[in-house]
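structure for this input, please:
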Amino acid sequence: MLQCVDRNVNSAETFGPEGPPPDEAARLKRLRELSSVSSGPDPVLDALVDAACLAAGTPIGLITLLDGERQWFKSKRGIDGEGSLRADAFCDYTIQSSRPFVVADAARDFRFAENPFVTGSDRIRFYAGVPLEIERGLRLGSLCVLDRVPRRLGADVRGLLDRLARCAVERLLQSEDRYLLSRIDSGRLNRAKADKAALALAEEALARGLFGLHYQPKIALDTGRHVGFEALLRLKRADGSVLSPAAFAAALDDPTLSRRIGRHVLRCAVAQAKAWATAGVDFGHIAINVSSSQFIALPGSPCLVDEILDATRSAGLSPRHFQIEVTEGVMLSEQGGDIGAQLEALRMAGFIVAFDDFGTGFASLVHLKEFAYDQIKIDGSFVRAMTGSSADHAIVKAIIDMAKALGKQVVAEGVETVTELHALRELGCPYGQGFLFGRPASASDIELLPD
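Residues are numbered from 1 along each chain as shown. Coordinates of the predicted model:
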């Protein structure tokens, strides 16, 4: 069992045969592949952490995964948060070797005496970690136990932690196999592989900063005056080519990845608005799309409303500089009730909320009364068809008239021809966006004049 340490000198211990030196590039590539299909809580990994804590007699246990910059808590007991900077992670030492890594008294170890886990509220003094070696030489993280008092690690517990770590590795690999098997249905294996590749592509884009925003202008149809932009996510590859969301759509459907991508979009949009405002440019507003996963409150993390308010206030920007666009699918998701409350809070704070892609989902007229929003965006499929179809023309007219009756703004998406523009003007549609007015472009390619 673990015993308290009363020695005055502490040294880290490693046990077991040494493995090959770590290949960081290969390790990160394998991590992206694995983490992209094993997101979310896992009761088996939670049980392994519980067993490790019970065997070691420690109040804290973790299964961690380390990317290039951060340590993520895949499973945890007795500690708050989702992870930490990799530079502060005890586990960064663990993955450098195939042996277990033990720190009997962190406060007496020069490498950890000033570590925030030691000096901060967690008050960590003891650490024992076993690397999660997914393939020979590729150690993605660790199974570890921690305590707030110094301890020593008995050989029996050390062996048990090693076996539990091997079980955790098997579980992670099973998650990868289950993902592929679950997607095989009447020859859909290729689609499953494509989704897995898309998830890995998005993980890589987040890690390497390849995601960026392009901006498409919104126009007042009566005057042609520019009123704002919609921020659209793009992925710029190393060869300079740019991919639209269709190339990584699976990532936008993944709860964990879409949340991280959404945070990135918010940061980028706020930074661009700040740059334009500082330059004295009248850009109107920037509209950003949010996913249903961003509305889910996670322990220790701010809710979406607080994230948006903190980001805009820190930049010294007014809510009038931003619009929040939400699709029917988001509004009608399982979190619908809480989403409505958060959207109303954003509206009360001064943000415009837009009901995006209206008409393409399953919303009924009653939902237009239930949800908190200020603007209806007519889906481009109706706009493109309205000049050749009396039915689509009638639908567009009905949406415009209904929006006016409800006191809502209305924007027509996908305007591509002058004929469509004239038809929308005749119906009294005040705003539009589409290729007729400008294709999505990077901020550096947009010409805006100072006030």
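
at which residues are the helices of the stretch 351-451 of the chain located?
Here the stretch 351-451 of the chain has its helices, by DSSP state H, counting those that start in this stretch, at 365-370, 380-385, 390-405, 418-426.

for the spatially most central residue of the chain, helix, strand, or coil?
The centre of the chain sits closest to Arg260, judged by Cα atoms, centre = their mean, with a distance of 1.3 Å. With DSSP: H, G, I helix; E, B strand; the rest coil as the basis, Arg260 sits in helix.

which non-adjacent residue is nearest it?
What sits nearest to Arg260 in space, not counting adjacent residues and going by Cβ to Cβ, 6 or more residues apart in numbering, is Leu206, at 6.0 Å. C-beta coordinates here come from the backbone N, C-alpha and C atoms, glycine included.

circling back to that earlier point, using TSV, lay out the helices of the stretch 351-451 of the chain together with distance to Val118.
Listed next are these as TSV, based on distance: least, Cβ to Cβ, whole Å:
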stretch	distance to Val118
helix 365-370	51
helix 380-385	56
helix 390-405	58
helix 418-426	63
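
looking at those, which is buried most?
When those are scored by mean count of other Cβ atoms under 10 Å, the highest mean neighbour count falls to helix 380-385 (a mean of 19).

could you dump it to PDB, C-alpha only?
Provided in PDB are the C-alpha atoms of helix 380-385 (Å, rounded to 0.1, in the frame of the first residue of the first chain):
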ATOM      1  CA  GLY A 380     -31.100  30.200 -50.100                       C
ATOM      2  CA  SER A 381     -32.800  27.200 -51.700                       C
ATOM      3  CA  PHE A 382     -36.100  29.100 -51.600                       C
ATOM      4  CA  VAL A 383     -34.500  32.300 -52.900                       C
ATOM      5  CA  ARG A 384     -32.900  30.500 -55.900                       C
ATOM      6  CA  ALA A 385     -36.100  28.700 -56.800                       C
END
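
what's that helix packed up against?
Using 3 or more Cβ pairs under 8 Å, 6 or more residues apart in numbering; DSSP states H and E, the elements in contact with helix 380-385 are helix 390-405, helix 418-426.

follow-up on the earlier one: could you pull out the buried residues of the helix or strand in which the residue nearest to Arg260 is found?
For Leu206, the host element (DSSP states H and E) is helix 189-208. Applying a neighbour-count criterion of 16 or more other Cβ atoms under 10 Å, one finds 192, 195-196, 198-206 buried in helix 189-208.

and for stretch 66-86?
Quick answer for stretch 66-86 (16+ other Cβ under 10 Å): 66-67, 70-79, 83-84, 86.

about what we covered before: for the helices of the stretch 351-451 of the chain, give me JSON lines that also has mean pLDDT and distance to Leu146.
Formatted as JSON lines, those follow (pLDDT from 0 to 100; distance: least, Cβ to Cβ, whole Å):
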{"stretch": "helix 365-370", "mean pLDDT": "64", "distance to Leu146": "47"}
{"stretch": "helix 380-385", "mean pLDDT": "90", "distance to Leu146": "53"}
{"stretch": "helix 390-405", "mean pLDDT": "89", "distance to Leu146": "56"}
{"stretch": "helix 418-426", "mean pLDDT": "95", "distance to Leu146": "62"}
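
closest one to Phe211 among those helices?
Closest to Phe211 of those is helix 380-385 (Cβ to Cβ; 23.5 Å).

quick one: that closest one to chain centroid distance?
Taking Cα atoms, centre = their mean, to the nearest Å, one finds the center of helix 380-385 at 31 Å from the center of the full chain.

neighbouring contacts of that helix?
Helix 380-385 is contacted by residues 359-360, 392, 395-396, 399, 412-416, 420, 424, 434 when judged by Cβ atoms under 8 Å, 6 or more residues apart in numbering.
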